[in-house]
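*Asks:* Make a model of this:
(chains A and B)
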Amino acid sequence: MGKHYLPNTGPQRRQILQAIGVGAVEDLFSYIPEKLRFSGLLNLPDPIAEPQLVDHMEELAGKNNVEAVNFLGGGIYDHYVPAAIDHVLSRSEFYTAYTPYQPEVSQGTLQAIFEYQSMLCQLTGAAAANASLYDGATTVAEAALLALNATKGRRLLVAGSMHPSYRQVLATYLEDFGAEIEELPLEGGKLKAEAIAPRLGNDVAALIVQSPNFFGIIEDLPALGKLMAAEKGLFVVATDPIALGILEAPGALGADVITGEGQSLGINQSFGGPLLGFMGVADKLVRKMPGRVVGQTADAKGRRGFVLTLQTREQHIRREKATSNICSNQALCALAASVYMSLMGPQGLREVAAQSLAKAAFAREQMTAVPGVELPFAGPFFKEFVLKLPQPAAKVIAAMADKGYYVGIDLGRFFPDMNDCLLMAVTEKRSKSEILGCAAALREVLA
Amino acid sequence: MKPLLPLIFERSVAGRTGYSLPPAEFPLEGIEQLLPQDQVRQKLPLLPEVSEGDVIRHYINLSLLNHNIDRGFYPLGSCTMKYNPKVNEDVSRLPGFARLHPLVPEENAQGALELIYRLEQYLAEISGMDAVSLQSVAGAHGEFTGLKIILAYHKARGDFRRQTILVPDSAHGTNPASAAMVGMKVVQVASDANGCVSLEDLRAKTDDTVAALMLTNPNTLGLFDVNIGAIADIVHAAGGLLYYDGANANAILGKVRPGDTGFDVVHLNLHKTFSTPHGGGGPGSGPVGVKSQLAPYLPVPRVVQGGEGYSLDYDYPQSIGKIHSFYGNFAVNIRAYAYIRMLGAEGLKAVSEDAVLNANYIQARLKDAYHLEYDRLCMHEFVLSAKRQLAKGVKTLDIAKRLLDFGLHPPTVYFPLIIEEAMMIEPTETEGMETLDYFIEAMLQIAREAEENPEIVLGAPHTTPISRLDEVGAARNPVLKWQP
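*Replies:* Numbers count the residues shown, from 1 in each chain, chains lettered A, B, ... in the order given. Purely as a prediction, here's the structure:
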């Protein structure tokens, strides 16, 4: 089984052995000390043929419920993924290629990445963008490392309204780094610029915020940007790229580093991976940015071409002095995002954002009309909001799932004092009738 | 400059659209009033304005400029460019996987959790480890995770002196870079005359400040380090741990297990050894396996099996914490799971046997035409040097470019750093003898050309869509984006 991936036949193997000058395949492994060799057979399930594999995988996939109406967010959103995207991703020329080390036979990948970088700069207002990092969480951590490297500061001021998983990953990354992470307190689910001012100083490497934040609330980026304008520390903003169809580009509001999770840009939810960490930076930080970067150049005949560039930042050249250890990135996910942004264009992206906002506003109104349901936070939001329930959220969520609705995320998972709160997200895919159905179901569950 | 193909921005026609969205159902005019007025976007991003057909044609035309494994041989050393089975692509896209949100109630994700749980077990068995986490999404991410685990282990034992990571001079660049990312000092260990770790140098550099030695075995020369037993003893005796870089694991499936040879932590590259596609640079997957004494430090959440099925367990107080937003590159892991299920134990062993067989065949047939620094049986890859050709002015880079004219992707070049004019060749098991012969004949012809007609090699490539590009100029005056 699985031997159909191995083209050499018995006679060919014998011919090869003869050319090498050994008697048996086993002789090729003779450098492995006898006593260290694995002599038995690995304890794995018996091999299965392709039709059985398909049955088995369908069975496993069938144990996951993807039929419920999806109001889940928290970094991963059920935006529509246009059919054209997977047709591009399914091209062997893209998905079975390696990192474009040989530009003469990799112009497809290289130009696509260059276009991705360009679109991301348009969207975020960054001066330059890299070819992708792993995901939203690790990209925030890389931004923190960039800030520690680019400034003399050791303190990182991190919004308490940043995705809790991102903050956990940041803590893991920074633990052995001698940097200090200070969590900024919240008021009404968002930061207060006045409360940050006294904490600033030359020892601050970065102010790191997320907007729209984990609770869906739009932070006061213009005020924070003004606050940071005179500071040595960097202003790092993690954002939702869909929101930028309708919200001002963070680069235009003073952000030095713009990062975030790009899954919304045409990438499947896939139980949380693969995702797309994106990063754009201000001009002064280009040579300190982590990750691969593609640049434009020309060949001897004057033809435009693209190459991996600024490689002296990278691990294969600089080893322990590199700006990051990243090698494999999320190139195919960046390609998906490029195709998505091309299909949407400026108008389409604006409409996705506007529809998500309008439908979220309607949903918020409908849910809070259910007796006992309250809004703990006021203030402008984008496509996600918190609901306070008269019962434990976990219980409500389970009952709603039985009725065919993934109503939201249990915030007790992240904040012990919020176990009666849930986070609800609404994308352009949700219809009025789905929202009304969800509100009716919530009414029954809470009755 | 003459464009090879227009940028998608250059195809843009004002007013053209390529999207189809659901009905709005609510008035969108004035919706900005819900937003903070000083944050309403005034100027829309200048994204391309193109139709769906324009988009497809653009990307298909771009794709045709790429070499890829489905088109032809791709013997990039240490990258394991093997065939990517098509059924794995199909099953990874099943709606029950592709549309699954990571934060659904656990009872609604039992199939996904079961797959993660089982794959972790399979990888533990294959690597000889006791516990595995699939959370790291790339090889370098796995290295970072593994080193964090090692540091956490030392610290939990009250041992705070260990600030050094030993790395052989033949190591991948990610090894020292990962060590630096966890705040460690990197000390390089020399190779001996056989291309293996110098025991003498290792002894000299191993003391009670060493947290771990990172080792790729077989190493980047494609050689199995015969002294692995002694290496493990030296490092362990000083209280350090042994880290296995799984970049070259395609050589050892079912033949030798890192866990049986003294390694305490491993990472595996599923995008190399377990056939998941490279995607033009990613996404990959770099699971980490550990011996039982290190299991408490693995990242959370762990997937556990209980009476009511599978669940996510965060209750590991000694864990290094989270290293990814969710549970790793799940859709990549699906493909690796499918691969292991189809091959089974016998199939995986046959994979490594054919990978090693193919590499030795090419080595045997090319070692008279090119310099071979370490002339012995190799594992799944080997390293030639063009230093003989250099006498005629032909460098490794020129040979690499000339191979493009044969429709072949060049080997990994100028790595490992300890070999002058290196060409690292890894054919993998999914190539048949006639493909290997074609590559061998091309390499032999290039060796003859280097002798008789070096200009043809120096001017290569002659047949690619574009010729050699000005990389120095690109780095000196970076143009990193399209400008309107």
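
*Asks:* OK, contacts around the residue in the stretch 201-350 of chain A that chain B sits nearest to?
*Replies:* When Cβ to the nearest Cβ is the measure, the stretch 201-350 of chain A has its nearest residue to chain B at A:G272, with 2.7 Å between them. (Glycine included, C-beta is placed from N, CA and C.) Contacts here follow Cβ atoms under 8 Å, 6 or more residues apart in numbering or on different chains; on that basis A:G272 touches A:I76, B:H101, B:P102, B:S325, B:F326, B:Y327, B:G328, B:F330.

*Asks:* any idea how far the nearest residue to B:E10 once chain neighbours are set aside is from B:A112?
*Replies:* Leaving aside its chain neighbours, B:E10 sits nearest to B:P3 (7.3 Å; criterion: Cβ to Cβ, 6 or more residues apart in numbering or on different chains). Distance check for B:P3 against B:A112: by Cβ to Cβ, to the nearest Å, it reads 44 Å.

*Asks:* for B:Q318, same thing?
*Replies:* Taking Cβ to Cβ as the criterion, B:Q318 is separated from B:A112 by 26 Å.

*Asks:* Quick one: end-to-end length of stretch A:247-264, please.
*Replies:* For stretch A:247-264, the separation between the terminal residues is 15 Å (Cα to Cα, to the nearest Å).

*Asks:* Quick check: mean pLDDT of that stretch?
*Replies:* Taken as a whole, stretch A:247-264 carries a mean pLDDT of 98.

*Asks:* Just give me how far it sits from the chain centre.
*Replies:* Taking Cα atoms, centre = their mean, to the nearest Å, the mean C-alpha location of stretch A:247-264 is offset from the chain mean by 13 Å.

*Asks:* can you give me the strands in the stretch 201-350 of chain A?
*Replies:* Using DSSP state E, counting those that start in this stretch, the strands found in the stretch 201-350 of chain A span residues A:204-210, A:234-239, A:257-261, A:277-281, A:294-298, A:303-308.

*Asks:* My error: substitute the stretch 1-150 of chain A in the last question.
*Replies:* So, for the stretch 1-150 of chain A - with DSSP E, counting those that start in this stretch - the strands run A:69-70, A:128-129.

*Asks:* most packed of the ones you listed?
*Replies:* Between the strands of the stretch 1-150 of chain A, strand A:128-129 has the highest mean count of neighbours, a mean of 26, where neighbours are mean count of other Cβ atoms under 10 Å in any protein chain shown.

*Asks:* Let me see the domain layout of chain A.
*Replies:* With automatic domain parsing as the criterion, the domains of chain A are listed as A:69-79+A:347-446, A:83-340.

*Asks:* Now do the same contact list for A:L200.
*Replies:* When the contact criterion is Cβ under 8 Å, 6+ apart, the partners of A:L200 are A:L157, A:L207, A:L227, A:M228, A:E231, A:G233.

*Asks:* With respect to A:G266, which of those is nearest?
*Replies:* A:L207 (30.5 Å; Cβ to Cβ).

*Asks:* right, and that closest one touches A:G225 too?
*Replies:* No - distance between A:L207 and A:G225: 9.7 Å, which falls outside the contact criterion (Cβ atoms under 8 Å).

*Asks:* okay, and the common contacts of those two?
*Replies:* Looking at what touches both A:L207 and A:G225 (by Cβ under 8 Å, 6+ apart), the common residues are A:F235.

*Asks:* out of those two, which sits in the busier spot?
*Replies:* Set side by side, A:L207 and A:G225 give different neighbour counts by other Cβ atoms under 10 Å in any protein chain shown, the larger being at A:L207 (28 against 20).

*Asks:* Tell me, how many residues neighbour the nearest residue to the more buried one once chain neighbours are set aside?
*Replies:* The spatial neighbour of A:L207 that comes closest, neighbours along the chain excluded (Cβ to Cβ, 6+ apart), is A:L157 at 4.7 Å. As a burial measure, the neighbour count of A:L157 was computed by other Cβ under 10 Å and equals 23.

*Asks:* Helix, strand or coil: sort out A:L157 for me.
*Replies:* Following DSSP: H, G, I helix; E, B strand; the rest coil, A:L157 is assigned to strand.

*Asks:* Specify the beta-bridge partners of it.
*Replies:* For A:L157, the beta-bridge assignment (DSSP bridges) gives partners A:E182, A:L207.

*Asks:* elements contacting the helix ranked longest in chain A?
*Replies:* For chain A, the helix reaching the highest residue count under DSSP state H is reported as helix A:331-368. Helix A:331-368 is packed against helix A:83-89, helix A:92-95, helix A:107-124, strand A:384-388, strand A:421-425, helix A:432-446, helix B:52-63, with contacts defined by 3 or more Cβ pairs under 8 Å, 6 or more residues apart in numbering or on different chains; DSSP states H and E.

*Asks:* quick revisit: to chain B, which of the strands of the stretch 1-150 of chain A lies closest?
*Replies:* The minimum distance between chain B and the strands of the stretch 1-150 of chain A falls on strand A:128-129, with 4.6 Å, by Cβ to the nearest Cβ.

*Asks:* I'd like the distance from that closest one to the chain centre, please.
*Replies:* Counting by Cα atoms, centre = their mean, strand A:128-129 comes out at 17 Å from the chain centroid.

*Asks:* who does it pair up with?
*Replies:* Strands that pair with strand A:128-129, judged by DSSP bridges, come out as strand A:277-281 (antiparallel).

*Asks:* Identify the residues contacting the strand it pairs with?
*Replies:* A:120-121, A:124-130, A:132-139, A:142-143, A:146, A:241, A:251, A:256-262, A:288-291, A:330, A:334, A:337.

*Asks:* How about stretch A:76-83?
*Replies:* Applying Cβ under 8 Å, 6+ apart, the set of residues contacting stretch A:76-83 from outside is A:70, A:72, A:240, A:242, A:261, A:263-264, A:266-269, A:272, A:275, A:339-340, A:343, A:352, A:356, A:383, A:425, A:427-429, B:19-22, B:52, B:99, B:101-103, B:326.

*Asks:* how about 6 Å then?
*Replies:* Contacts to stretch A:76-83, defined as Cβ atoms under 6 Å, 6 or more residues apart in numbering or on different chains, come from residues A:N70, A:Q263, A:S264, A:G266, A:Q269, A:L343, A:A425, A:T427, A:K429, B:H101, B:P102.

*Asks:* From B:K155, how far off is A:R154?
*Replies:* Summarising the geometry, the distance separating A:R154 from B:K155, computed by Cβ to Cβ, is 20 Å.

*Asks:* And those two? Which one has more around it.
*Replies:* Neighbour totals were compared for A:R154 and B:K155, and B:K155 leads with 16 against 13 (other Cβ under 10 Å).
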